[in-house]
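Asks: Sequence plus predicted model, see below.
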Amino acid sequence: TFAMETYGNDECRRFRPKIAETNVADAAGHPDEKTRLLLARMHKAISIIQFKLE
């Protein structure tokens, strides 16, 4: 994906979803670390594109 190609080496800490660490990868279906990292990279990519359009 665009986000993975562009931000593959970036942890995108400021763009991570706000989920309590104790709830990650539990039986309730909260995303695991790999999914959270992908969400952060996609959020960063979308934000940068939006800022460039404005």
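Replies: Received, thanks.
Asks: pLDDT weak spots in this structure?
Replies: Scanning the chain for pLDDT under 70 picks out the ranges 20-29.
Asks: ranges for the helices of it?
Replies: 2-7, 33-53 (DSSP state H).
Asks: Out of those, the one nearest K18 is which?
Replies: Distance to K18, taken as Cβ to Cβ, is lowest for helix 33-53 among the helices of the chain, at 10.3 Å. Any C-beta I mention is one placed from the backbone N, CA and C, and that applies to glycine too.
Asks: Next, the contact list for R41, please.
Replies: Contact analysis of R41 by Cβ atoms under 8 Å, 6 or more residues apart in numbering lists 3-4, 6-8, 10, 12, 15.
Asks: Type out the PyMOL command that picks the buried ones from these.
Replies: Selection of the buried residues among the contacts of R41 in PyMOL, burial being defined by 16 or more other Cβ atoms under 10 Å:
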select buried, resi 3+7+12+15
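Asks: Quick check, central residue of the chain?
Replies: The C-alpha lying nearest the average C-alpha coordinate of the chain belongs to A40 (Cα atoms, centre = their mean; 1.3 Å).
Asks: Distance to L53 added to the contacts of R41, as JSON lines?
Replies: Formatted as JSON lines, the contacts of R41 follow (distance: Cβ to Cβ, whole Å):
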{"residue": "A3", "distance to L53": "17"}
{"residue": "M4", "distance to L53": "22"}
{"residue": "T6", "distance to L53": "16"}
{"residue": "Y7", "distance to L53": "18"}
{"residue": "G8", "distance to L53": "23"}
{"residue": "D10", "distance to L53": "21"}
{"residue": "C12", "distance to L53": "20"}
{"residue": "F15", "distance to L53": "18"}
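Asks: Looks like F15 contacts I46 (just checking).
Replies: No: judged on Cβ atoms under 8 Å, F15 makes no contact with I46 at a distance of 9.2 Å.
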